[in-house]
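A.B. asks: model the structure of this input:
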Amino acid sequence: MLALAEQEAPGAYAIRPLTPLSETSLLTNSPEDLNLGSELRAELATADRIDLLCAFVKWYGIRVLEDSLLAAKERGVPIRIITTTYMGATDRRALDRLVREFGATVKVNYETRSTRLHAKAWLFRRGTGFHTAYVGSSNLSRAALLDGLEWNVRLSSVATPAVMDKFEATFDAYWNDLAFETYDPDDDGERLDAALAQAGGTTSATDFKIDLSRLQVHPFPHQRDMLERLSAERQIRGRHRNLLVAATGTGKTVMAAIDYRSLSKQATSGRPRLLFVAHRKEILKQSLRTYREVLADASFGELLHGGADPQEWTHVFASVQSLNVRRLEQLAPDHFDVIVIDEFHHATAGTYRRVIEHFAPKELLGLTATPERMDGLNVQDEFFDGRIAAEMRLWEALENDLLSPFHYFGIPDGTDLTNLTWQKGSYADQELGNLLTGNDARAHIIVKQVQDKISDPGAMRALGFCVTKAHAHFMADYFRKAGFQAAALDSDSSPQVRAQALRDLQDGKIQVIFSVDLFNEGLDIPDVDTLLLLRPTNSATVFLQQLGRGLRRTDTKPVLTVLDFIGQHRAEFRFEEQFRAMTNLSRNRLVEHIERGFPQLPSGCQIILEGKAKSLVLDNIRTQLGATVKTLVKEVKEYSTPLLADYLRESRREIKELYKNGNSWTLVLRRAGLVAEPAPPGEEPLLKRVHAFLHVDDPERAQAYLSLLADDTPPYEELDLTRQTYARMLFFNLWDNAGGFTSYTEGIAALRSQRALRDELRQVLSYVIDRADHVPIPLSDGLGNVPLKVHSSYNRSEILAALGIARFGGQMPRSFAQGVQWAEEFQTDALLITLEKDEKDFSPTVRYKDYAISPHLFHWESQNATSPVSTTGKRYQQHAGRGTHVLLFMRRYANTDTGKSQPWMLLGPATYVKHTGSKPMAITWHLDHPLPADVWSYSAAIQAS
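C.D. replies: From the prediction side, this is the model:
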């Protein structure tokens, strides 16, 4: 192999590592072992590309390698280095030298509170294909490279190709992550000094000033996801009073400021007039600083609090107390364009209500961690038509290290809930409370588990979630008898009693507070380290709010412990809601992960189901997966509604459950006796195709489909070009093999007698559009006549029909199976990408063929026959010059949970960047539009690593 390599690059291997390039090895820096420093010098001498990932870089580590680094620079070898300000350990002088003397490109993570990067690794790429890497404990320091007790594993593209592919994909993902910023010694030196000093504990964040003109604030993925869903509420559904719900510490104010920045960019006459309302001076000052940082404007905004009075009254940060009746009378209802109210759970109080009812802004945005209140009022029902615009997706905030990691234990408690009354999606509270109150056997299990699972129960700060007031007081009494200091709080407790209990918990005088509802702002105690889930909940919203009470990060809390006590439930109860909230898994994959012990969770998190709890949860989820028509008919009879949305809301079922195995809403209604009209000829096969419309997520397409079903729809030939395209998409979505018709007009005309089908499609499309998360973006630049929308979802029939590939006189959609298609009419390559091709979440290689490198860059592997010199390969590389187009469509899995083919999301037009290899080609595409945050979270290589 070495002889072959030297033929490719004569002289390049005169100095080479003592470990052959094709082999792996473990280096320990012991006297009889190979020295990592000397091996790295030899690797540097033979590399054509060098990547280094390490938490910190030291001057003496550079000195050990300086001759080799200088030689690499003289050979024109590109060097990329990723590092951090972790613990203040990096030497600025070392980074300056790497950039200035050795030509390295350095990226730094400036996050000083915490860092996600602790890896230490080198990657050496060679034109011969003999790539090597080192992964282990050594940072770039003298001790790590020479005499420290460090362990490092040497990898090889020959011996460990899958690991090397994963290394490169993950490094590229980090490199393109906005959290890692390119370091320029001249421009960024002072900022690096300040960040290192703060991380090293020699100064605080307030001891240095930030040059706001150079500051760029980017949202974390979980924040971008919530902002995108907020945008969908406004642009798709026309809702301009919206509520954001996210755990404390996840950056709600940053989201509001970034949202305001976006609204300002859309405004035609300067920044919109802003009112930001909070109830404490400290929050106002911090919020004003956040807005100034996001807007890069140190003069933005004025305070209205105490003796501070605004002069301009255009961008005001006001305490709610300062907005008294007299002040409000001086301000017109439309004075402010945008109003943001922090801690919106206070909105039912008179002072807040007065502000909300006085003003009529163009945009009202509420922020809260806790929409439910102790008094039972619910702010989304009262002020937002029952809707929450966006809730934080837990796993994204955990991935970004913004929340405390958690250890969740599901513990069997021996209770039997199968005979309790089930009403409106939950157990009857009083019956459930009666079952659990006075249940000494269950209470004994709870105390025993606390003693077993908590390292120091006497020092814990715990919250216990109960069913009723009596249940809360029973649990407090039982814990006191067991030697704990415990309290019970409910809506009857006076404000003084509640405040004292909270202080006692914070100060460690009591270990646990039991309550029916702990969702009020007063119970936001950062040091809560234990949650006792003593009542079942199958609401993801309620579960996340309970979990959020303990997820605040603190220096003294290594992990949140969650003890969930699990009994035997009725079939209607749904465990999947809380587990999907914790894991971001679909049902089928949730079952696999439970069986495997949850092998893929955010760093530091664990989910452990003990003993019988595992079988109880698995049996429950499998029952829900296998819901039969008989079960659905029984439920529909109980709810007695012909409206699909009402049934889904009451039953808490997902719409796709209804359409399994050829089911339909009309079929279920007929069997339940709620539809008396007999079925017309041809109805049944059409109803079995309604499932093919569940993915429709752009309003224009939904409206076009419905208009084509109207009695007065003109013949196909009289429609304009756009409506003709939609007609073809509708036709082939119902009949992917033409259905025996000879024209589009004939097929669509046949639908007019199908009144039940038309009504069902109206209900389905209304329901799914009301839940669309992404704002559709029209195509342009030569594709303006194609009514496909970027970030909308389409099945194969719709894609082929829209691009003119499937049509009468040509091929039918059913005959296409390939993942690449050339649309001659529009001079467009359509690339249909399935990320997880073999349906195995745990495959070591599957994620490193097609994946997102960054929100704008996508790595795609062509078909095996495609080479750079083939007709197709040349078209991919030269499409911009030729005037042809490339459209990327992507889906995560081939099939949905219900066994149906999963639709593809149109990622949009893409431009060729580069490629490697041949047959297949590995191509990097640049997307015109960034990936939505939720899509980025599952398509990025970094997420799989």
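
A.B. asks: so which bits of stretch 851-871 are buried?
C.D. replies: By neighbour count with 16 or more other C-beta atoms under 10 Å, stretch 851-871 contains the buried residues 851-862, 866-868, 870. To be clear about C-beta, it is placed using only N, CA and C from the backbone, and glycine gets the same treatment.

A.B. asks: thinking residue 291 is in contact with residue 260, fair?
C.D. replies: Yes: here residue 291 reaches residue 260: they are 6.9 Å apart, a contact under C-beta atoms under 8 Å.

A.B. asks: low-confidence bits of the chain, can you list those?
C.D. replies: Residue ranges of the chain with pLDDT under 70: 1-15, 112-116, 142-148, 203-215, 372-377, 517-524, 838-848, 941-945.

A.B. asks: domains of it?
C.D. replies: Here the domain parsing of the chain from automatic domain parsing is 2-199, 221-392, 403-625, 646-777, 818-944.

A.B. asks: now the helices: where do they sit in the stretch 51-200 of the chain?
C.D. replies: 59-74, 92-100, 142-145, 161-175, 185-199 (DSSP state H, counting those that start in this stretch).

A.B. asks: and for residue 71, the neighbour number?
C.D. replies: 15 (other C-beta atoms under 10 Å).

A.B. asks: which SS class is the closest residue to it other than its chain neighbours?
C.D. replies: Once flanking residues are discounted, residue 71 sits nearest to residue 45: 6.5 Å by C-beta to C-beta, 6 or more residues apart in numbering. Assigned with DSSP: H, G, I helix; E, B strand; the rest coil, residue 45 falls in the helix class.

A.B. asks: please apply the same query to residue 505.
C.D. replies: helix.

A.B. asks: tally of neighbours for it?
C.D. replies: Neighbour tally, residue 505, other C-beta under 10 Å: 24.

A.B. asks: for residue 709, what are phi and psi?
C.D. replies: Phi and psi for residue 709, reported as degrees, to the nearest 10, are phi -90, psi -10.

A.B. asks: please report the distance of it from residue 732.
C.D. replies: Here residue 709 is placed at a distance of 15 Å from residue 732 (C-beta to C-beta, to the nearest Å).

A.B. asks: more crowded one of these two?
C.D. replies: Using other C-beta under 10 Å, the more surrounded residue of residue 709 and residue 732 is residue 732, with 28 against 18.

A.B. asks: part of a helix, is that one?
C.D. replies: Yes: assessed by three-state DSSP, residue 732 belongs to a helix.

A.B. asks: ok, it - contacts?
C.D. replies: Residue 732 is in contact with 797-798, 800-801, 806, 812-813, counting by C-beta atoms under 8 Å, 6 or more residues apart in numbering.

A.B. asks: find the nearest non-adjacent residue to residue 124, please.
C.D. replies: Using C-beta to C-beta, 6+ apart, the closest residue to residue 124 is residue 47 (4.0 Å).

A.B. asks: what count of nearby residues applies to the one you found?
C.D. replies: 24.

A.B. asks: quick one, phi psi at it?
C.D. replies: phi -90, psi 150.

A.B. asks: ditto for residue 915
C.D. replies: Residue torsions, per degrees, to the nearest 10, at residue 915 are phi -150, psi 160.

A.B. asks: list the contacts of it.
C.D. replies: Going by C-beta under 8 Å, 6+ apart, the list of residues near residue 915 reads 868, 876-877, 921-924.

A.B. asks: same deal with residue 808?
C.D. replies: Residue 808 sits in contact with 738, 742-744, where contact means C-beta under 8 Å, 6+ apart.

A.B. asks: let's see that with 7 Å instead.
C.D. replies: Shown in contact with residue 808 (C-beta atoms under 7 Å, 6 or more residues apart in numbering): residue 743.

A.B. asks: just say helix, strand or coil for it.
C.D. replies: coil.

A.B. asks: how far away is it from residue 822?
C.D. replies: 20 Å.

A.B. asks: likewise residue 463?
C.D. replies: For residue 463 relative to residue 822 (C-beta to C-beta), the value is 60 Å.

A.B. asks: likewise residue 379?
C.D. replies: 53 Å.

A.B. asks: residue 590 now?
C.D. replies: For residue 590 relative to residue 822 (C-beta to C-beta), the value is 39 Å.

A.B. asks: the nearest residue to residue 811 once chain neighbours are set aside: neighbouring residues, count only.
C.D. replies: Ranked by C-beta to C-beta, 6+ apart and with sequence neighbours excluded, the top spatial neighbour of residue 811 is residue 805, at 7.3 Å. Around residue 805 there are 20 other residues, counting by other C-beta under 10 Å.

A.B. asks: need phi/psi at residue 805.
C.D. replies: phi -80, psi -40.

A.B. asks: go on, residue 647?
C.D. replies: phi -60, psi -50.

A.B. asks: that one against residue 637, yeah?
C.D. replies: No: look at residue 647 against residue 637 with C-beta atoms under 7 Å: they stay out of range, at 10.8 Å.

A.B. asks: among the domains of the chain, which is nearest residue 783?
C.D. replies: Nearest to residue 783, of all the domains of the chain, is domain 818-944, at 6.0 Å by C-beta to C-beta.

A.B. asks: how distant is that closest one from the center of its chain?
C.D. replies: 21 Å (C-alpha atoms, centre = their mean, to the nearest Å).

A.B. asks: ok, now stretch 774-791?
C.D. replies: 24 Å.

A.B. asks: buried sites along that stretch?
C.D. replies: So, applying 16+ other C-beta under 10 Å, buried residues of stretch 774-791: 774-776, 779, 783, 786-791.

A.B. asks: go on, stretch 747-754?
C.D. replies: 747-748, 750-751, 754.

A.B. asks: mind checking which of those residues are in helices?
C.D. replies: Members of the buried residues of stretch 747-754 lying in helices (criterion: DSSP state H): 747-748.

A.B. asks: which parts of the stretch 251-400 of the chain are helices?
C.D. replies: 252-266, 281-295, 325-329, 350-358, 379-383, 394-399.

A.B. asks: list the contacts of the fourth one.
C.D. replies: Helix 350-358 is touched from outside by 277, 320-321, 323, 328, 333, 341, 346-347, 383, with contacts defined as C-beta under 7 Å, 6+ apart.

A.B. asks: for it, buried residues please.
C.D. replies: Quick answer for helix 350-358 (16+ other C-beta under 10 Å): 352, 355-356, 358.

A.B. asks: again, but for the fifth one
C.D. replies: Counting neighbours by 16+ other C-beta under 10 Å, one finds that the buried residues in helix 379-383 are 379-380, 383.

A.B. asks: now these as TSV including distance to residue 247?
C.D. replies: Listed next are the buried residues of helix 379-383 as TSV, based on distance: C-beta to C-beta, whole Å:
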residue	distance to residue 247
379	16
380	17
383	21
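
A.B. asks: buried members of the contacts of helix 350-358 into PyMOL, please.
C.D. replies: Buried residues among the contacts of helix 350-358 (16+ other C-beta under 10 Å), as a PyMOL selection:
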select buried, resi 277+320+323+328+341+346+347+383
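
A.B. asks: need the contacts of helix 350-358 in CSV with distance to residue 455, can you?
C.D. replies: Below are the contacts of helix 350-358 laid out as CSV (distance: C-beta to C-beta, whole Å):
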residue, distance to residue 455
277, 42
320, 42
321, 43
323, 47
328, 53
333, 56
341, 40
346, 36
347, 40
383, 43
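
A.B. asks: narrow the contacts of helix 350-358 to those in strands?
C.D. replies: 277, 341 (DSSP state E).
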